[in-house]
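# Next comes the sequence, and after it the predicted model I'd like to discuss.
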Amino acid sequence: MAKALVIGSGIAGLATAIRLQQKGYKTLVLEKNSYPGGKLHAINKDGFRFDLGPSLFTMPHFVDELFRINNIEPSEHFNYKKKEVICNYFWDDGTKFSAKSSTKKFTKDAAVVFNTDIKTLTKYLKNAKLKYDLTASLFLEKSLHKLKTYLSKNTVSAIAQLYKLHINSSLDEVNKSYFKNEKLQQLFNRFATYNGSSPYKTPGIMSMIPHLEMHYGTFYPLNGMHQISQSLYKLALQIGVEIKLSQEVTKINIEQNKTTGVSTNEHTFEADLVVSNVDVFPTYRALMSEQIQPEKILRQERSSSALIFYWGIDREYPELDLHNILFSNDYEDEFNTIFKQRSLNNDPTVYINITSKEDKNDAPIGCENWFIMINAPGRYNQNWPALIQHAKKCIISKINKALNTSIEKHIVTEHILDPRGIEKETSSYRGALYGAASNNKFAAFLRHPNFSSKIKNLYFCGGSVHPGGGIPLCLLSAKIVSDLVPKPAV
(Lines give C-alpha, C1' and ligand atoms only; values in the text may rest on other atoms or scores of the structure.)
Protein backbone atom coordinates (compact mmCIF):
# COMPACT_ATOMS: atom_id res chain seq x y z
CA MET A 1 0.00 0.00 0.00
CA ALA A 2 1.26 3.47 -0.90
CA LYS A 3 2.43 5.47 2.11
CA ALA A 4 1.72 9.12 2.89
CA LEU A 5 3.46 11.03 5.67
CA VAL A 6 2.18 14.26 7.21
CA ILE A 7 4.48 16.47 9.29
CA GLY A 8 2.49 18.16 12.04
CA SER A 9 -0.94 17.49 13.53
CA GLY A 10 -2.45 20.94 13.33
CA ILE A 11 -6.01 21.02 12.06
CA ALA A 12 -4.82 21.09 8.44
CA GLY A 13 -2.45 18.20 9.05
CA LEU A 14 -5.15 16.09 10.68
CA ALA A 15 -7.64 16.93 7.93
CA THR A 16 -5.08 16.07 5.24
CA ALA A 17 -4.27 12.76 6.92
CA ILE A 18 -7.97 11.87 7.11
CA ARG A 19 -8.47 12.66 3.43
CA LEU A 20 -5.38 10.78 2.27
CA GLN A 21 -6.27 7.72 4.37
CA GLN A 22 -9.76 7.79 2.89
CA LYS A 23 -8.22 8.09 -0.58
CA GLY A 24 -6.33 4.82 -0.09
CA TYR A 25 -2.96 5.80 1.37
CA LYS A 26 -1.50 4.30 4.52
CA THR A 27 -1.00 7.56 6.36
CA LEU A 28 1.39 8.42 9.18
CA VAL A 29 1.41 11.74 11.09
CA LEU A 30 4.49 12.84 13.01
CA GLU A 31 3.97 15.54 15.66
CA LYS A 32 6.78 17.19 17.64
CA ASN A 33 4.56 18.08 20.60
CA SER A 34 3.21 15.61 23.14
CA TYR A 35 -0.33 16.53 22.08
CA PRO A 36 -2.15 16.83 18.73
CA GLY A 37 -3.95 19.89 17.41
CA GLY A 38 -1.31 22.57 16.90
CA LYS A 39 -2.77 25.96 17.82
CA LEU A 40 -6.10 24.30 18.77
CA HIS A 41 -4.91 23.32 22.23
CA ALA A 42 -6.25 23.88 25.75
CA ILE A 43 -5.13 24.01 29.37
CA ASN A 44 -6.76 23.70 32.78
CA LYS A 45 -5.55 25.99 35.55
CA ASP A 46 -6.94 26.47 39.06
CA GLY A 47 -10.38 25.19 38.08
CA PHE A 48 -10.59 27.19 34.84
CA ARG A 49 -10.42 25.70 31.33
CA PHE A 50 -8.91 27.83 28.57
CA ASP A 51 -8.77 27.27 24.83
CA LEU A 52 -5.29 28.47 23.94
CA GLY A 53 -5.71 29.09 20.22
CA PRO A 54 -8.42 30.11 17.75
CA SER A 55 -11.65 31.19 19.41
CA LEU A 56 -13.96 31.80 16.43
CA PHE A 57 -15.70 28.87 14.74
CA THR A 58 -17.40 29.41 11.40
CA MET A 59 -18.34 27.14 8.48
CA PRO A 60 -18.58 23.94 10.56
CA HIS A 61 -19.66 21.98 7.50
CA PHE A 62 -15.98 21.70 6.57
CA VAL A 63 -15.42 19.68 9.75
CA ASP A 64 -18.59 17.65 9.25
CA GLU A 65 -17.45 16.75 5.74
CA LEU A 66 -14.42 14.91 7.10
CA PHE A 67 -16.70 12.56 9.01
CA ARG A 68 -19.17 12.14 6.16
CA ILE A 69 -16.58 11.17 3.55
CA ASN A 70 -15.83 8.26 5.88
CA ASN A 71 -19.54 7.38 6.23
CA ILE A 72 -19.60 8.49 9.87
CA GLU A 73 -22.34 10.69 11.29
CA PRO A 74 -20.60 13.84 12.65
CA SER A 75 -23.07 14.37 15.50
CA GLU A 76 -21.99 11.08 17.07
CA HIS A 77 -18.53 12.56 17.65
CA PHE A 78 -18.66 16.35 17.29
CA ASN A 79 -21.42 18.83 18.07
CA TYR A 80 -21.85 22.59 18.05
CA LYS A 81 -24.53 25.20 18.41
CA LYS A 82 -25.17 28.36 16.44
CA LYS A 83 -24.76 31.69 18.17
CA GLU A 84 -27.53 34.27 17.96
CA VAL A 85 -25.12 37.04 18.95
CA ILE A 86 -22.01 37.22 16.80
CA CYS A 87 -20.17 39.75 18.93
CA ASN A 88 -20.73 42.58 21.42
CA TYR A 89 -18.86 45.79 20.55
CA PHE A 90 -17.88 48.58 22.94
CA TRP A 91 -16.44 52.06 22.37
CA ASP A 92 -14.92 54.39 24.95
CA ASP A 93 -17.68 56.97 24.54
CA GLY A 94 -20.20 54.46 25.86
CA THR A 95 -21.57 53.27 22.50
CA LYS A 96 -22.48 49.58 22.52
CA PHE A 97 -23.61 47.34 19.70
CA SER A 98 -24.68 43.69 19.83
CA ALA A 99 -24.22 42.21 16.34
CA LYS A 100 -26.81 39.53 15.59
CA SER A 101 -26.30 36.61 13.23
CA SER A 102 -29.52 37.41 11.37
CA THR A 103 -28.71 39.76 8.50
CA LYS A 104 -32.11 41.39 8.81
CA LYS A 105 -31.67 41.94 12.55
CA PHE A 106 -28.08 43.13 12.10
CA THR A 107 -28.96 45.76 9.51
CA LYS A 108 -31.97 46.98 11.50
CA ASP A 109 -29.97 47.34 14.72
CA ALA A 110 -26.89 48.82 13.02
CA ALA A 111 -28.99 51.41 11.22
CA VAL A 112 -30.23 52.71 14.58
CA VAL A 113 -26.96 52.57 16.55
CA PHE A 114 -24.80 54.04 13.76
CA ASN A 115 -27.41 56.35 12.21
CA THR A 116 -27.02 54.66 8.85
CA ASP A 117 -29.50 53.83 6.09
CA ILE A 118 -30.66 50.19 6.06
CA LYS A 119 -30.45 50.17 2.26
CA THR A 120 -26.75 51.05 2.42
CA LEU A 121 -26.05 48.28 4.93
CA THR A 122 -28.02 45.78 2.86
CA LYS A 123 -26.15 46.80 -0.31
CA TYR A 124 -22.80 46.39 1.46
CA LEU A 125 -23.64 42.87 2.64
CA LYS A 126 -25.03 41.89 -0.77
CA ASN A 127 -21.78 43.00 -2.36
CA ALA A 128 -19.86 41.02 0.26
CA LYS A 129 -21.80 37.94 -0.84
CA LEU A 130 -21.12 38.72 -4.48
CA LYS A 131 -17.37 38.91 -3.84
CA TYR A 132 -17.44 35.55 -2.09
CA ASP A 133 -19.56 33.87 -4.75
CA LEU A 134 -17.29 35.18 -7.53
CA THR A 135 -13.99 34.20 -5.95
CA ALA A 136 -14.51 31.20 -3.65
CA SER A 137 -13.92 28.59 -6.34
CA LEU A 138 -10.77 30.38 -7.51
CA PHE A 139 -9.11 31.79 -4.41
CA LEU A 140 -10.25 29.33 -1.76
CA GLU A 141 -11.16 25.94 -3.19
CA LYS A 142 -8.48 25.27 -5.83
CA SER A 143 -4.77 25.68 -6.33
CA LEU A 144 -3.90 29.07 -7.78
CA HIS A 145 -0.80 27.50 -9.26
CA LYS A 146 -2.39 25.03 -11.67
CA LEU A 147 -3.39 26.09 -15.20
CA LYS A 148 -6.66 24.16 -15.14
CA THR A 149 -7.91 26.44 -12.35
CA TYR A 150 -7.96 29.36 -14.79
CA LEU A 151 -9.77 27.45 -17.50
CA SER A 152 -13.01 27.00 -15.55
CA LYS A 153 -16.19 28.97 -16.23
CA ASN A 154 -16.17 30.30 -12.66
CA THR A 155 -12.70 31.74 -13.10
CA VAL A 156 -13.57 33.39 -16.39
CA SER A 157 -16.66 34.90 -14.74
CA ALA A 158 -14.60 36.19 -11.80
CA ILE A 159 -12.00 37.79 -14.08
CA ALA A 160 -14.72 39.42 -16.19
CA GLN A 161 -16.16 41.04 -13.06
CA LEU A 162 -12.82 41.89 -11.46
CA TYR A 163 -13.86 45.53 -11.08
CA LYS A 164 -16.48 44.46 -8.50
CA LEU A 165 -13.88 42.94 -6.19
CA HIS A 166 -12.23 46.22 -5.07
CA ILE A 167 -8.76 44.74 -5.47
CA ASN A 168 -7.25 48.17 -6.15
CA SER A 169 -8.77 49.70 -3.00
CA SER A 170 -7.96 48.98 0.62
CA LEU A 171 -10.59 47.51 2.90
CA ASP A 172 -10.73 50.84 4.76
CA GLU A 173 -11.30 52.74 1.50
CA VAL A 174 -14.14 50.41 0.57
CA ASN A 175 -15.78 50.81 3.96
CA LYS A 176 -15.45 54.60 3.87
CA SER A 177 -17.08 54.63 0.44
CA TYR A 178 -20.17 53.01 1.97
CA PHE A 179 -20.37 54.46 5.46
CA LYS A 180 -19.92 57.92 6.95
CA ASN A 181 -20.08 56.68 10.53
CA GLU A 182 -16.52 56.07 11.76
CA LYS A 183 -17.57 53.42 14.25
CA LEU A 184 -19.27 51.40 11.51
CA GLN A 185 -16.17 51.77 9.34
CA GLN A 186 -14.12 50.44 12.24
CA LEU A 187 -16.47 47.53 12.82
CA PHE A 188 -16.09 46.35 9.23
CA ASN A 189 -12.36 47.20 9.17
CA ARG A 190 -11.74 44.69 11.93
CA PHE A 191 -12.28 41.81 9.52
CA ALA A 192 -8.75 42.43 8.22
CA THR A 193 -7.53 40.84 11.42
CA TYR A 194 -9.06 37.53 10.28
CA ASN A 195 -5.98 37.10 8.11
CA GLY A 196 -3.57 39.06 10.29
CA SER A 197 -3.46 42.16 8.11
CA SER A 198 -4.07 45.89 8.30
CA PRO A 199 -7.42 47.20 7.01
CA TYR A 200 -5.51 50.18 5.64
CA LYS A 201 -3.41 47.92 3.39
CA THR A 202 -5.30 44.69 2.74
CA PRO A 203 -7.36 44.79 -0.47
CA GLY A 204 -11.07 45.57 -0.45
CA ILE A 205 -11.94 42.05 -1.52
CA MET A 206 -11.66 41.20 2.19
CA SER A 207 -15.02 42.90 2.65
CA MET A 208 -16.46 39.49 1.73
CA ILE A 209 -15.69 38.17 5.25
CA PRO A 210 -18.77 39.62 7.01
CA HIS A 211 -20.89 37.57 4.61
CA LEU A 212 -19.31 34.38 5.93
CA GLU A 213 -20.24 35.24 9.51
CA MET A 214 -23.80 36.23 8.74
CA HIS A 215 -24.63 33.74 6.00
CA TYR A 216 -23.02 30.67 7.56
CA GLY A 217 -23.16 31.90 11.14
CA THR A 218 -20.79 31.64 14.09
CA PHE A 219 -20.83 28.58 16.29
CA TYR A 220 -19.63 27.21 19.59
CA PRO A 221 -18.28 23.64 19.65
CA LEU A 222 -19.61 21.76 22.66
CA ASN A 223 -16.78 21.41 25.20
CA GLY A 224 -14.79 24.16 23.53
CA MET A 225 -12.68 24.89 20.46
CA HIS A 226 -10.25 22.21 21.55
CA GLN A 227 -12.89 19.64 20.62
CA ILE A 228 -12.42 20.47 16.93
CA SER A 229 -8.88 19.14 16.88
CA GLN A 230 -9.63 16.39 19.38
CA SER A 231 -12.57 15.05 17.38
CA LEU A 232 -10.48 15.00 14.19
CA TYR A 233 -7.62 13.32 16.05
CA LYS A 234 -9.97 10.58 17.20
CA LEU A 235 -11.50 10.28 13.73
CA ALA A 236 -8.05 9.89 12.18
CA LEU A 237 -7.19 7.09 14.58
CA GLN A 238 -10.57 5.45 14.03
CA ILE A 239 -10.07 5.16 10.26
CA GLY A 240 -6.53 3.82 10.59
CA VAL A 241 -4.24 6.87 10.48
CA GLU A 242 -1.13 6.29 12.59
CA ILE A 243 -0.15 9.30 14.70
CA LYS A 244 3.14 9.46 16.55
CA LEU A 245 3.47 12.25 19.14
CA SER A 246 6.75 13.66 20.50
CA GLN A 247 8.37 12.90 17.15
CA GLU A 248 10.11 16.00 15.81
CA VAL A 249 11.02 15.80 12.14
CA THR A 250 14.51 17.15 11.49
CA LYS A 251 14.75 16.65 7.73
CA ILE A 252 12.67 15.95 4.66
CA ASN A 253 14.67 13.41 2.69
CA ILE A 254 15.03 14.15 -1.01
CA GLU A 255 16.78 12.12 -3.69
CA GLN A 256 16.94 13.15 -7.34
CA ASN A 257 14.35 15.90 -6.79
CA LYS A 258 11.89 13.50 -5.24
CA THR A 259 10.95 13.11 -1.59
CA THR A 260 11.54 9.69 -0.09
CA GLY A 261 10.34 10.38 3.45
CA VAL A 262 11.59 12.15 6.55
CA SER A 263 14.04 11.74 9.40
CA THR A 264 13.85 12.45 13.12
CA ASN A 265 16.78 12.33 15.54
CA GLU A 266 16.12 8.62 16.03
CA HIS A 267 14.41 7.22 12.95
CA THR A 268 13.97 7.49 9.20
CA PHE A 269 10.44 7.08 7.88
CA GLU A 270 10.00 6.22 4.22
CA ALA A 271 6.98 7.45 2.30
CA ASP A 272 5.70 7.81 -1.25
CA LEU A 273 4.63 11.36 -0.56
CA VAL A 274 5.19 13.93 2.19
CA VAL A 275 2.88 16.74 3.29
CA SER A 276 4.23 19.50 5.53
CA ASN A 277 1.75 21.09 7.90
CA VAL A 278 4.65 23.05 9.39
CA ASP A 279 4.93 26.78 8.65
CA VAL A 280 6.50 27.05 5.21
CA PHE A 281 9.42 29.16 6.55
CA PRO A 282 10.88 26.55 8.94
CA THR A 283 9.89 23.82 6.47
CA TYR A 284 12.44 25.22 4.05
CA ARG A 285 14.99 26.74 6.42
CA ALA A 286 15.15 23.82 8.88
CA LEU A 287 13.82 20.72 7.10
CA MET A 288 15.11 21.42 3.57
CA SER A 289 18.07 23.70 4.17
CA GLU A 290 20.09 22.05 1.38
CA GLN A 291 17.42 22.75 -1.23
CA ILE A 292 16.97 25.90 -3.30
CA GLN A 293 14.94 28.31 -1.15
CA PRO A 294 11.94 30.28 -2.50
CA GLU A 295 13.36 33.54 -1.16
CA LYS A 296 10.67 35.82 -2.56
CA ILE A 297 7.98 33.88 -0.70
CA LEU A 298 9.96 33.42 2.50
CA ARG A 299 10.82 37.12 2.73
CA GLN A 300 7.21 38.30 2.56
CA GLU A 301 5.90 40.47 5.36
CA ARG A 302 4.54 38.28 8.13
CA SER A 303 1.03 38.54 9.48
CA SER A 304 0.28 39.96 12.88
CA SER A 305 0.65 37.86 15.98
CA ALA A 306 -1.13 38.14 19.32
CA LEU A 307 -0.58 38.82 22.99
CA ILE A 308 -3.05 36.76 24.99
CA PHE A 309 -3.89 36.86 28.69
CA TYR A 310 -5.90 33.97 30.11
CA TRP A 311 -7.60 35.20 33.27
CA GLY A 312 -9.71 33.39 35.79
CA ILE A 313 -12.27 35.99 36.95
CA ASP A 314 -14.01 35.52 40.29
CA ARG A 315 -17.28 37.16 39.24
CA GLU A 316 -19.65 37.24 36.23
CA TYR A 317 -20.34 40.04 33.74
CA PRO A 318 -23.82 39.69 32.21
CA GLU A 319 -23.16 42.46 29.66
CA LEU A 320 -20.56 40.23 27.98
CA ASP A 321 -21.15 37.27 25.66
CA LEU A 322 -18.93 34.63 24.07
CA HIS A 323 -17.27 37.18 21.76
CA ASN A 324 -16.65 40.80 22.79
CA ILE A 325 -14.55 43.64 21.37
CA LEU A 326 -13.49 46.89 23.02
CA PHE A 327 -12.33 49.15 20.20
CA SER A 328 -9.32 51.45 20.11
CA ASN A 329 -10.00 55.15 19.68
CA ASP A 330 -7.49 55.36 16.81
CA TYR A 331 -7.58 52.17 14.78
CA GLU A 332 -5.17 53.35 12.09
CA ASP A 333 -2.58 54.32 14.69
CA GLU A 334 -2.95 50.88 16.28
CA PHE A 335 -2.11 49.12 13.01
CA ASN A 336 0.73 51.53 12.24
CA THR A 337 2.20 50.67 15.63
CA ILE A 338 1.93 46.95 14.91
CA PHE A 339 3.20 46.81 11.33
CA LYS A 340 5.50 49.85 11.10
CA GLN A 341 6.87 50.21 14.61
CA ARG A 342 6.54 46.51 15.45
CA SER A 343 5.28 47.38 18.88
CA LEU A 344 2.08 47.48 20.94
CA ASN A 345 -0.24 50.46 20.90
CA ASN A 346 -1.07 52.33 24.09
CA ASP A 347 -4.77 52.07 23.25
CA PRO A 348 -5.18 48.57 21.84
CA THR A 349 -8.39 46.98 20.62
CA VAL A 350 -9.22 44.32 23.21
CA TYR A 351 -10.93 41.06 22.32
CA ILE A 352 -12.51 39.06 25.17
CA ASN A 353 -13.67 35.48 24.66
CA ILE A 354 -15.56 33.75 27.50
CA THR A 355 -16.42 30.11 26.87
CA SER A 356 -17.98 29.75 30.34
CA LYS A 357 -20.87 31.77 28.87
CA GLU A 358 -21.64 28.62 26.88
CA ASP A 359 -20.28 25.92 29.18
CA LYS A 360 -20.47 26.58 32.94
CA ASN A 361 -17.98 23.76 33.55
CA ASP A 362 -15.20 25.93 32.12
CA ALA A 363 -15.07 28.02 35.31
CA PRO A 364 -15.96 27.60 39.01
CA ILE A 365 -19.48 28.61 40.06
CA GLY A 366 -19.93 32.38 39.85
CA CYS A 367 -16.70 32.81 37.87
CA GLU A 368 -15.70 33.27 34.24
CA ASN A 369 -12.72 32.22 32.10
CA TRP A 370 -11.49 35.19 30.09
CA PHE A 371 -9.35 34.88 26.97
CA ILE A 372 -8.10 38.45 26.38
CA MET A 373 -6.25 39.08 23.14
CA ILE A 374 -4.76 42.14 21.48
CA ASN A 375 -3.21 42.30 18.01
CA ALA A 376 0.56 42.26 18.20
CA PRO A 377 3.55 42.31 15.87
CA GLY A 378 5.60 39.20 15.37
CA ARG A 379 8.79 38.50 17.28
CA TYR A 380 11.47 40.97 16.19
CA ASN A 381 13.69 40.99 19.30
CA GLN A 382 11.46 43.39 21.20
CA ASN A 383 11.61 43.69 24.98
CA TRP A 384 8.58 41.47 25.50
CA PRO A 385 8.57 41.45 29.32
CA ALA A 386 8.31 45.25 29.32
CA LEU A 387 5.75 45.26 26.48
CA ILE A 388 3.60 42.69 28.28
CA GLN A 389 3.67 44.61 31.57
CA HIS A 390 2.67 47.86 29.88
CA ALA A 391 0.02 46.16 27.71
CA LYS A 392 -1.60 44.63 30.77
CA LYS A 393 -2.04 48.07 32.32
CA CYS A 394 -3.55 49.42 29.09
CA ILE A 395 -5.91 46.45 28.78
CA ILE A 396 -7.07 46.74 32.38
CA SER A 397 -7.72 50.46 31.91
CA LYS A 398 -9.73 49.75 28.76
CA ILE A 399 -11.84 47.05 30.41
CA ASN A 400 -12.48 49.11 33.54
CA LYS A 401 -13.75 52.04 31.50
CA ALA A 402 -15.98 49.90 29.26
CA LEU A 403 -17.48 47.81 32.04
CA ASN A 404 -17.29 50.30 34.93
CA THR A 405 -15.35 47.82 37.02
CA SER A 406 -11.97 47.20 38.65
CA ILE A 407 -11.08 44.02 36.84
CA GLU A 408 -7.64 43.74 38.44
CA LYS A 409 -9.32 42.92 41.76
CA HIS A 410 -11.09 39.93 40.22
CA ILE A 411 -8.19 38.16 38.48
CA VAL A 412 -7.52 35.01 40.50
CA THR A 413 -5.29 33.14 38.03
CA GLU A 414 -3.34 34.09 34.93
CA HIS A 415 -1.55 32.49 31.99
CA ILE A 416 0.18 34.52 29.26
CA LEU A 417 1.05 33.67 25.66
CA ASP A 418 3.06 36.07 23.49
CA PRO A 419 4.59 35.79 19.99
CA ARG A 420 7.68 34.07 21.36
CA GLY A 421 5.60 31.30 22.89
CA ILE A 422 3.40 31.00 19.80
CA GLU A 423 6.51 30.54 17.68
CA LYS A 424 8.04 28.01 20.04
CA GLU A 425 4.92 25.90 20.53
CA THR A 426 3.54 25.96 16.98
CA SER A 427 6.65 26.55 14.80
CA SER A 428 5.00 29.66 13.35
CA TYR A 429 7.84 31.86 12.14
CA ARG A 430 8.05 35.02 14.28
CA GLY A 431 4.80 33.94 15.94
CA ALA A 432 2.75 35.03 12.91
CA LEU A 433 -0.75 33.61 13.22
CA TYR A 434 -1.47 33.46 9.48
CA GLY A 435 1.89 33.05 7.78
CA ALA A 436 2.37 35.92 5.34
CA ALA A 437 0.32 39.08 5.73
CA SER A 438 -2.24 40.03 3.08
CA ASN A 439 -1.21 43.65 2.95
CA ASN A 440 -1.17 43.96 -0.83
CA LYS A 441 -3.49 43.06 -3.70
CA PHE A 442 -1.25 40.24 -4.95
CA ALA A 443 -1.04 38.51 -1.57
CA ALA A 444 -3.23 35.56 -2.57
CA PHE A 445 -0.92 34.79 -5.50
CA LEU A 446 2.27 35.21 -3.46
CA ARG A 447 1.40 32.53 -0.91
CA HIS A 448 3.32 29.32 -1.26
CA PRO A 449 1.40 26.77 -3.37
CA ASN A 450 0.10 23.51 -1.91
CA PHE A 451 2.70 21.53 -3.85
CA SER A 452 6.35 21.81 -4.80
CA SER A 453 7.10 22.49 -8.44
CA LYS A 454 10.71 21.37 -7.97
CA ILE A 455 10.42 18.36 -5.66
CA LYS A 456 8.12 15.55 -6.71
CA ASN A 457 5.57 14.20 -4.19
CA LEU A 458 6.05 17.09 -1.74
CA TYR A 459 2.96 19.00 -0.64
CA PHE A 460 2.04 21.76 1.82
CA CYS A 461 -1.04 22.50 3.94
CA GLY A 462 -1.94 24.87 6.78
CA GLY A 463 -2.22 28.57 7.43
CA SER A 464 1.13 29.63 5.95
CA VAL A 465 0.29 28.40 2.44
CA HIS A 466 -2.63 28.77 0.04
CA PRO A 467 -5.44 29.67 0.69
CA GLY A 468 -4.47 31.14 4.10
CA GLY A 469 -4.92 31.02 7.86
CA GLY A 470 -7.93 30.41 10.06
CA ILE A 471 -9.82 27.17 10.59
CA PRO A 472 -11.96 27.18 7.41
CA LEU A 473 -9.05 28.00 5.12
CA CYS A 474 -6.77 25.45 6.79
CA LEU A 475 -9.42 22.80 6.20
CA LEU A 476 -9.70 23.91 2.58
CA SER A 477 -5.93 23.62 2.19
CA ALA A 478 -6.25 19.96 3.19
CA LYS A 479 -8.91 19.42 0.55
CA ILE A 480 -6.78 21.10 -2.11
CA VAL A 481 -3.84 18.84 -1.24
CA SER A 482 -6.05 15.77 -1.38
CA ASP A 483 -7.33 16.82 -4.81
CA LEU A 484 -3.75 17.36 -6.05
CA VAL A 485 -2.46 14.01 -4.82
CA PRO A 486 -3.04 11.19 -7.34
CA LYS A 487 -4.89 8.09 -6.28
CA PRO A 488 -2.46 5.39 -5.11
CA ALA A 489 -1.72 2.59 -7.52
CA VAL A 490 -3.58 -0.60 -6.72
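Now that the structure is in, tell me what you want to look at.
# Flag the shaky bits of the stretch 251-400 of the chain, pLDDT-wise.
By pLDDT under 70, the stretch 251-400 of the chain has no low-scoring segment.
# And the helices in it?
280-282, 295-298, 331-339, 384-403 (DSSP state H, counting those that start in this stretch).
# now these in JSON lines, with distance to Lys183 and mean neighbour count?
All C-beta spots, glycine's among them, are computed from the backbone N, C-alpha and C. Below are the helices of the stretch 251-400 of the chain laid out as JSON lines (distance: least, C-beta to C-beta, whole Å; neighbours: other C-beta atoms under 10 Å):
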{"stretch": "helix 280-282", "distance to Lys183": "37", "mean neighbour count": "21"}
{"stretch": "helix 295-298", "distance to Lys183": "37", "mean neighbour count": "12"}
{"stretch": "helix 331-339", "distance to Lys183": "10", "mean neighbour count": "20"}
{"stretch": "helix 384-403", "distance to Lys183": "14", "mean neighbour count": "16"}
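# Find the residue at the geometric middle of the protein.
Nearest to the mean C-alpha position of the chain, counting by C-alpha atoms, centre = their mean, stands Gly470 at 2.1 Å.
# List the contacts of that residue.
Contact analysis of Gly470 by C-beta atoms under 8 Å, 6 or more residues apart in numbering lists 54, 194-195, 434, 463.
# Spatially, which two of these are the most separated?
Pro54 and Asn195 (12.7 Å; C-beta to C-beta).
# Contact partners for the spatially closest residue to Ser198 that is not a sequence neighbour?
Leaving aside its chain neighbours, Ser198 sits nearest to Phe335 (4.1 Å; criterion: C-beta to C-beta, 6 or more residues apart in numbering). When contacts are counted by C-beta under 8 Å, 6+ apart, Phe335 touches 198-200, 375.
# Asn440: which of those is nearest?
Ser198 (10.6 Å).
# pretty sure the closest one belongs to a strand, no?
No - assigned with DSSP: H, G, I helix; E, B strand; the rest coil, Ser198 falls outside any strand and is coil.
# count of neighbours near it?
By the measure other C-beta atoms under 10 Å, the count of residues near Ser198 is 26.
# What distance do you get for it to Leu307?
Using C-beta to C-beta, to the nearest Å, Ser198 is found at 17 Å from Leu307.
# Tyr35 now?
23 Å.
# Which one of these two is surrounded by more residues?
Shown here are Tyr35 and Leu307; by other C-beta under 10 Å, Leu307 has more neighbours (25 against 15).
# dump the residue contacts of the residue nearest to that one when sequence neighbours are not counted.
Nearest non-adjacent residue to Leu307, counting by C-beta to C-beta, 6+ apart: Ala376, 4.4 Å away. For Ala376, the contacting residues are 304-307, 338, 344, 418-419, 431, by C-beta under 8 Å, 6+ apart.
# In TSV, list those along with distance to Arg68.
Output for the contacts of Ala376, formatted as TSV (distance: C-beta to C-beta, whole Å):
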residue	distance to Arg68
Ser304	34
Ser305	35
Ala306	33
Leu307	38
Ile338	40
Leu344	43
Asp418	39
Pro419	37
Gly431	35
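# one step back: show the pLDDT at the residue nearest to the centre of the chain.
Looking at Gly470, its pLDDT is 92.
# ditto for Tyr459
98.
# distance of it from Thr283?
11 Å.
# what residues do these two have in common as contacts?
Ser276.
# Check the burial of Phe219 by counting its neighbours.
19.
# right, and it touches Lys81 too?
Yes - in this structure, Phe219 is within contact of Lys81 by C-beta atoms under 8 Å, at 6.5 Å.
# ok, which stretches of the stretch 101-250 of the chain are strands?
Counting by DSSP state E, counting those that start in this stretch, the segments of the stretch 101-250 of the chain that form strands are 218-221, 242-244, 249-255.
# Cys394: which of the ones you listed is closest?
When those are ranked by proximity to Cys394 (C-beta to C-beta), strand 218-221 comes first, at 27.3 Å.
# mind listing what that closest one pairs with, with the direction of each?
strand 57-58 (antiparallel), strand 80-82 (antiparallel) (DSSP bridges).
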